[in-house]
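**Q** Would you be able to build a 3D model of this:
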Amino acid sequence: MLPSLRERERQRERETERERERERERERERERERNDRKKATRFAWVRSLSRTKFTSGMNFTSWYKYYLSYMNIALGGNFNPVFPSLDLFLELYFPSCSFPSLSKYCSHSLPITLSQSSFQF
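**A** The predicted structure is shown next:
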């Protein structure tokens, strides 16, 4: 009789441990899903922002400031821009200076596109 009680106790412990492991796995899966949703939201914000480009009546400087504040909201206040200054942003993204008012940024030719830059999410 005594061995069967021990065996039942071991069986209960194993079942309890399996249930705990299943619950941990469910929690890990929920965490992965939450992270995936966060990433999808961040990329959606970036895509929608890139479609806005220059909003009517907005010059480039005000658009860039709008972009920084938009990204800060999209990323929950944790946005550290890759290009902290407008000058650096213009140098990298507009080397050909298609905007006449940006002639001071035309002294180089660095062909970097948005997809080649180092944005991190």
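**Q** What is the burial count for Arg30?
**A** 10 (other Cβ atoms under 10 Å). Every C-beta, even on glycine, is put in place using the N, C-alpha and C of the backbone.
**Q** so how far is Arg22 from it?
**A** 13 Å (Cβ to Cβ, to the nearest Å).
**Q** For Glu9, what is the enclosing helix or strand?
**A** Glu9 is part of helix 2-52, with elements assigned from DSSP states H and E.
**Q** tell me what that helix is packed against?
**A** In terms of contacts (3 or more Cβ pairs under 8 Å, 6 or more residues apart in numbering; DSSP states H and E), helix 2-52 is packed against helix 60-74.
**Q** Average pLDDT for the helix it packs on, rounded please.
**A** Helix 60-74 shows a mean pLDDT of 67.
**Q** Likewise for stretch 22-30?
**A** Mean predicted lDDT for stretch 22-30 stands at 93.
**Q** which residues are in contact with it?
**A** Residues outside stretch 22-30 that contact it (Cβ atoms under 8 Å, 6 or more residues apart in numbering): none.
**Q** And it, what's buried?
**A** Within stretch 22-30, no residue counts as buried by 16 or more other Cβ atoms under 10 Å.
**Q** give me the low-pLDDT residue ranges for this structure?
**A** The chain contains residues with pLDDT under 70 at 1-2, 40-64, 70-121.
**Q** what about 50?
**A** By pLDDT under 50, the low-scoring segments of the chain are 97-121.
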